[in-house]
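Peer 1: The following comprises the amino acid sequence and a computationally predicted model.
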Number of protein chains: 2
Amino acid sequence: MKPAFNPRNRLNFSGGPGVLPETVLHEVQEAVMEVPGVGLSILGISHRSDWFAAVVREAETNIRTLLDLPPDYHVLFLQGGATQQFAMVPMALPREGKAPPEYLDTGYWSAKSIAEAQRVAPLRVLWSGRESGYRRLPQDAELSYAQDAAYLHYVSNETVEGLQFSRVLGREDVTRVCDMSSDFLSRPCEAQRFSLIYAHAQKNIGPAGVTIVLVRDEIIRQAPAGLPSCLDFRAQAEAHSIHNTPPVFAIYVVLLVTRWLLREIGGLERMDQINRAKAASLYACLDASTGYYGGWAAREDRSLMNVAFTLPTPALQQEFLLHAARAGFSGLEGHRAIGGLRASIYNALTLEAVVELCGFMADFQHRHPC
Amino acid sequence: MKPAFNPRNRLNFSGGPGVLPETVLHEVQEAVMEVPGVGLSILGISHRSDWFAAVVREAETNIRTLLDLPPDYHVLFLQGGATQQFAMVPMALPREGKAPPEYLDTGYWSAKSIAEAQRVAPLRVLWSGRESGYRRLPQDAELSYAQDAAYLHYVSNETVEGLQFSRVLGREDVTRVCDMSSDFLSRPCEAQRFSLIYAHAQKNIGPAGVTIVLVRDEIIRQAPAGLPSCLDFRAQAEAHSIHNTPPVFAIYVVLLVTRWLLREIGGLERMDQINRAKAASLYACLDASTGYYGGWAAREDRSLMNVAFTLPTPALQQEFLLHAARAGFSGLEGHRAIGGLRASIYNALTLEAVVELCGFMADFQHRHPC
């Protein structure tokens, strides 16, 4: 049973949940009825089975391999999305004897992380792009980190605005925490320089419903006691992510995606090359339009994952979406926070699909001059 | 595309994640590649799409219809399993001016709920079956409820021990909270007598990764302010369960299961009849064995969902599991907390499968006398 790949999935530029690799979808389809070697539906297998323990182990090993992760990190598969991490991080990270943690406010999602963390305890906003409409990221000279901050938190890729850091921020002597939800496993990321990395799955690594956390053992050992177990990294680490029933299906899909990254793509350096080629094509298309397609992000901070742009008028934007849908493209609406359009070009979105979109955009501009 | 149903799914007696209806698995399999009417994989559809909003609405409506739920209840689809509810309930429910909430300790899962709730605030254990090995449930005469308790919490069906209440407990003037994880939507439940009901999906209503909460608006309005949004029923209710990215796939499967309950089964009264017939067959098989198969639960508290039992010796239990696996049965190992064996006979497990198990058990006893 291997039906032809539905072509609309191939042209799905959704900001997330996003497209998954074709081979993964075929494997998932098979597993819904019968997991190879098990004989049961993936939806009906006990999370306490040896098979599922092996799934978690292999998914973890694959992530370690892809990121060259040192052994003193735990790899956790949790629930609740990045939003739950926004609260878990300030609850779990030690701050005694330290200055408040420092947060970067670089876009829609980092603003959300700050709002949630502020409900837990005080923090310092080190830099904010809010006033300037989140169109650029800070340069190093604009950031004066405190040496005694409890930790630094930032978002590596702002999904809504399409802004992405191409360097690691912060001081080596301050705990570094990063929300990599929308670029995790899209490129090498020097994971060993972070104390805690979290990423929900639904961009590059699986379906909505599982969040991956990489956390150094040292952090877990210092975490406060007495937290409810759903908020306690330690409880999850001790149980190898099976403290209570985990999202079995979503973790299985993550396993399949990590296998695809290792076996079909060949690792994160290669994935990064492909992603750079995709982004280069699309930004070249924007730049060649001489302002017809206006990029949201400052050129030097452009994301390789999310390309937010506008057309000359709202009416043309509507027209664009209409024609794009007819041509088989989907997911091109911009996020409601900033409007406009957005093409998300996550790992599983192919270069061919990006080229097809560029062709469509050039053609649309030609047929709809402003 | 409708391949034959994998027979091993039909004989899956797992305690959870458990078997789902055959028609649902076929629909899920199709949706992995292409959701009818949408054209995209269920794993790549935005949670902000009109389509997904309609999925949540219909799933909610179906649950309201099945339970005859009054309009002043919210129906929420959350993450984190019952374990997260163990902590969310004591955080969210008002207790000012009240005596501590009362909890019933009737088995493995209610003991877990008590341990988590105690991390949040004091409570009173109204009755405990721990000393007697959780083999029976309390009778009304053993329960002296406080009139001013903040709320009463109990577990309607103890999954591990196979104990189930066949009545609603508590006082009408005290807020009633129930963990119905393992019998939700298996029978009518007088939902309107509860202020809050929660149930993870992976027994009767879907895959692991989504938890359903029914909560009266009055409770939500009194909830304390300032909770992180991942722990805040109000934030989820205001956003119709789409506060942040929900587990899209798991909610879609819940929708398909509720459709199956309404259209193929015909509602909860009919489901209850079928479940009673299944349980009657299996308990009759136990009783007819004259002690060879020893039931864990007291006769009057027997669960319609989980039948925990033992064989005369551990060696015979191992032999039983071996032969059962060869005959195509799976999921019959008892929970590690009490050992032995357990047949879980959730909604999607058919009467035919139960009859087949009974036949196997009678045959096994005949061939392996003690």
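Peer 2: All right, it came through fine. Just so it is clear, the model here is predicted, and its values are computed rather than measured. Residues are numbered from 1 along each chain as shown, chains lettered A, B, ... in the order given.
Peer 1: What sits closest to the spatially most central residue of chain A if chain neighbours are left out?
Peer 2: Computing the C-alpha centroid of chain A and ranking residues by C-alpha atoms, centre = their mean puts A:Ser182 first, at 2.0 Å. Nearest non-adjacent residue to A:Ser182, counting by C-beta to C-beta, 6 or more residues apart in numbering or on different chains: A:Thr159, 4.1 Å away. Any C-beta I mention is one placed from the backbone N, CA and C, and that applies to glycine too.
Peer 1: The host helix or strand of A:Trp51 - contacts with which helices or strands?
Peer 2: Assigned by DSSP states H and E, A:Trp51 belongs to helix A:50-67. On a contact count with 3 or more C-beta pairs under 8 Å, 6 or more residues apart in numbering or on different chains; DSSP states H and E, helix A:50-67 meets strand A:73-78, strand A:211-216, helix A:248-260.
Peer 1: out of those, which comes closest to chain B?
Peer 2: With respect to chain B, and counting by C-beta to the nearest C-beta, the nearest of those is helix A:248-260 at 4.9 Å.
Peer 1: ok, how many other residues are close to A:Leu311?
Peer 2: Neighbourhood size, A:Leu311 [other C-beta atoms under 10 Å in any protein chain shown]: 23.
Peer 1: and what of A:Ala250?
Peer 2: For A:Ala250, using other C-beta under 10 Å, the count is 28.
Peer 1: Kindly report the same for A:Ala82.
Peer 2: Close neighbours of A:Ala82, defined as other C-beta under 10 Å, add up to 23.
Peer 1: Right, and chain B sits closest to which residue of the stretch 51-200 of chain A?
Peer 2: Closest to chain B within the stretch 51-200 of chain A is A:Ala87: 3.3 Å, counting by C-beta to the nearest C-beta.
Peer 1: quick revisit: of the helices and strands packed on helix A:50-67, which is nearest A:Ser14?
Peer 2: helix A:248-260 (16.0 Å; C-beta to C-beta).
Peer 1: Show residues contacting whatever helix or strand comes next after the closest one.
Peer 2: Note on helix A:248-260: by DSSP H and E, the next helix or strand toward the C-terminus is helix A:268-288. Outside helix A:268-288, the residues within contact range by C-beta atoms under 8 Å, 6 or more residues apart in numbering or on different chains are A:66-67, A:185-189, A:261, A:265, A:293-295, A:302-305, A:307, A:309, A:343, A:345, A:347, A:349-351, A:354-355, A:357-358, A:361-362.
Peer 1: burial of A:Glu158, as a residue count?
Peer 2: By the criterion of other C-beta under 10 Å, A:Glu158 has 30 neighbours.
Peer 1: Then the one 5 residues further on?
Peer 2: Each residue near A:Leu163 was counted by other C-beta under 10 Å, and the total is 27.
Peer 1: cool, and A:Thr313?
Peer 2: 11.
Peer 1: dump the residue contacts of it.
Peer 2: A:Cys370.
Peer 1: Also A:Ser289?
Peer 2: A:361-362, A:365.
Peer 1: Looking at those, spot the one nearest chain B.
Peer 2: When the contacts of A:Ser289 are compared for distance to chain B (C-beta to the nearest C-beta), A:Met361 comes out closest, at 20.7 Å.
Peer 1: Wasn't the closest one part of a strand?
Peer 2: No - read with DSSP: H, G, I helix; E, B strand; the rest coil, A:Met361 is helix and lies in no strand.
Peer 1: Could you check what's spatially nearest to it, not counting adjacent residues?
Peer 2: A:Cys285 (5.5 Å).
Peer 1: Can you list the low-confidence ranges for the stretch 151-300 of chain A?
Peer 2: Judged by pLDDT under 70, the stretch 151-300 of chain A has no weakly predicted residues.
Peer 1: Serialize the helices and strands packed on helix A:50-67 to JSON lines and add fields for distance to B:Glu131.
Peer 2: Converted to JSON lines, the helices and strands packed on helix A:50-67 look like this (distance: least, C-beta to C-beta, whole Å):
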{"stretch": "strand A:73-78", "distance to B:Glu131": "35"}
{"stretch": "strand A:211-216", "distance to B:Glu131": "39"}
{"stretch": "helix A:248-260", "distance to B:Glu131": "35"}
